[in-house]
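1. Take a look and give me a structure for this.
(one chain, ligands or ions: 1)
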Amino acid sequence: MPDFSHLDLLDPKTFDGDTRPLMDWLCEKGVYYDPNSDMWVAASYDALVAVAKDPETFHSEEGNVPKLPNDPSFINLDGKKHRTRRGLIKHLFTRPAVAKLEDHIRDAVDKLIDDVIEQGECEFVDALAAKLPIQIITEMTGIPPEYREEVHRAMDVFMLGGNGPDHVTEEVNEAFINFGFIHMMLADERRENPQDDLLSIWVQAMDKGEMTEDDVLFEHTMMMIGGSETTRNVVSGAVQVLAERPELREALLADPSLIENAAEEAIRWVTPFIRMSRTATKDTVLMGHEIKKGEEIMMVYPAANFDPTKFEEPYTFDIHRDLKSTKVLSFGFGTHFCIGAFLARLEVKVALEQLLKRIPDWELVGAPERVSSSFVRGIKSMPIRFTPGERLGAVAAK
Ligand code: HEM
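-> Okay, here's the model as predicted:
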């Protein structure tokens, strides 16, 4: 196996191109100290779970993005503070609560397909993969449609800061300020006129003295990043792999009940977040490695999700894979397990169902352009073509 010890795991360039050899190397090491980024790495399935399930030893309170200061959103809290803050909104993200959104999500997907179906081609990320999650999460937090595009662009830029301190540019700060203006204006409106949305819940908590203005701003930002910058990559990644493997598309068309598992496999296959970090609260030993109090450790999800000791033939996209016995780690593990997991799964499943139904013969036009990042994995743009069809409105009018 080649040696990758010269690579800086916080450098976006490290993740350009085929990262499989690097991920396999990290996974085999299990726990590893990267001298280039001065970070510990937990990369095998068991190592990642060991870190994630022990917040007393590996806490989030010093931030979950390496080398950057923490913000006060609940992804960076632990213990009672974390439970309380997550508890304010968790009822909106349970499986039954999210299931109520299914018809609405289907309708949203259909409208996005309607916008391109007569053309027989589109740039898929912009046309659908990115638009769907931002629509749903802005509706849930309470951002009206007229601000959606601006918030979407701001989040795309803000996200670049997740690559580390050198990437927090003026542009990234400006994007955050722009989002902050929209947020403040809407928060003020919610104080006067509460609605059935997340922003109203946070503003009420602020009025009761349970959250500060900053807490609410960063909570909103975290939700927007989680909600918009991840699921899109699974939808586009699934569309890519199904274009490359038409026999799988045939199987899903023949038996749509397989789509749910195919969506979960796509969540593993894409693994949108490359890493989240923790800080050791005390000197400890992790799988034989001595880690000192205050040292940072990053959990590398795309290494653990392709751990061959847990997933047979990990580099085969297998729509029949048993993902119930071995859970996919893309959403994390333990107390910080992604609050949006049911929502993301539903969005991916519904998007695939409608795409298979309405434009079943999609194909790629050239190679997709990938995002360059040490934080998220995904596709920046991916032109596709398909046999043109009719808008749903046109079908209904006949
Ligand atoms: C495929 C899509 C998604 C992936 C891969 C993903 C991944 C993750 C991961 C790995 C974590 C754990 C962070 C840690 O342990 O430090 C997390 C937490 C979180 N995610 Fe997601 N996420 C996705 C979709 C969403 C959506 C749709 C939302 C919003 C509705 C969301 C909101 C959050 C929030 C708020 C947290 C913090 C949870 C906590 O700290 O208790 N995510 N996500």
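
2. Could you check how far Arg358 is from Asp126?
-> Note on Arg358: its distance to Asp126, by C-beta to C-beta, to the nearest Å, is 18 Å. The way it works is simple: take the backbone N, C-alpha and C, and place the C-beta from them, glycine included.

3. who has more neighbours, these two?
-> Counting neighbours by other C-beta atoms under 10 Å for Arg358 and for Asp126 shows that Arg358 has the greater number, 19 against 14.

4. Go ahead and confirm the more buried one touches Val116.
-> No. The pair formed by Arg358 and Val116 falls short of the contact definition of C-beta atoms under 8 Å, at 10.3 Å.

5. Neighbours of Glu290, how many?
-> Glu290, neighbours per other C-beta under 10 Å, totals 10.

6. now it, what's its secondary structure?
-> Per DSSP: H, G, I helix; E, B strand; the rest coil, the local secondary structure of Glu290 is strand.

7. unless I'm mixing things up, it is touching Lys282, no?
-> No. The pair Glu290 and Lys282 does not pass the contact test of C-beta under 8 Å, sitting 11.6 Å apart.

8. neighbours around whichever residue of the stretch 1-150 of the chain sits closest to the ligand, how many?
-> For the stretch 1-150 of the chain, the residue positioned closest to the ligand under C-beta to the nearest ligand atom is Ile75, at a distance of 3.9 Å. Residue crowding around Ile75 was assessed by other C-beta under 10 Å; the count is 25.

9. contacting residues for it?
-> Contact criterion C-beta atoms under 8 Å, 6 or more residues apart in numbering gives 60, 64, 222, 336 as the residues in contact with Ile75.

10. Could you list the contact residues of this protein toward the ligand?
-> Counting by C-beta under 6 Å from any ligand atom, the chain comes close to the ligand at 52, 60, 64, 74-75, 86, 137, 222-223, 226-227, 230-231, 234, 267, 272-273, 276, 330-332, 336, 338-340, 343-344.

11. Next step: the residues you listed restricted to helices.
-> Using DSSP state H to define helices, the subset of these located there is 52, 86, 137, 222-223, 226-227, 231, 234, 267, 343-344.

12. Nearest to the ligand among the residues you listed?
-> The ligand has its nearest neighbour among these in Gly226, at 2.5 Å by C-beta to the nearest ligand atom.

13. Tell me the pLDDT of the closest one.
-> Model confidence at Gly226, given as pLDDT, is 94.

14. So what's the residue count around it?
-> Residues near Gly226, counting by other C-beta under 10 Å, number 20.

15. For the residue in the stretch 251-398 of the chain that the ligand sits nearest to, which non-adjacent residue is spatially closest?
-> In the stretch 251-398 of the chain, the residue found nearest to the ligand is Gly340; the distance is 2.2 Å by C-beta to the nearest ligand atom. Leaving out its chain neighbours, the residue that sits closest to Gly340 by C-beta to C-beta, 6 or more residues apart in numbering is Gly226, at 5.4 Å.

16. Correct me if wrong: the one you found contacts Ala341.
-> No. Gly226 is beyond contact range of Ala341, at 10.1 Å (criterion: C-beta under 8 Å).

17. Now do the contacts for the closest residue in space to Thr335 that isn't next to it in sequence.
-> The spatially closest residue to Thr335, leaving aside those adjacent along the chain, is Pro55, at 5.7 Å (C-beta to C-beta, 6+ apart). Residues in contact with Pro55 (C-beta under 8 Å, 6+ apart) are 78-79, 278, 334-336.

18. Narrow these to just the buried residues.
-> Restricting the contacts of Pro55 to buried positions leaves 78, 278, 335-336, with burial counted as 16 or more other C-beta atoms under 10 Å.

19. From those residues, which land in strands?
-> Per DSSP state E, strands hold the following members of these: Arg278.

20. which pair in the buried ones among the contacts of Pro55 spans the largest distance?
-> Arg278 and Thr335 (11.6 Å; C-beta to C-beta).
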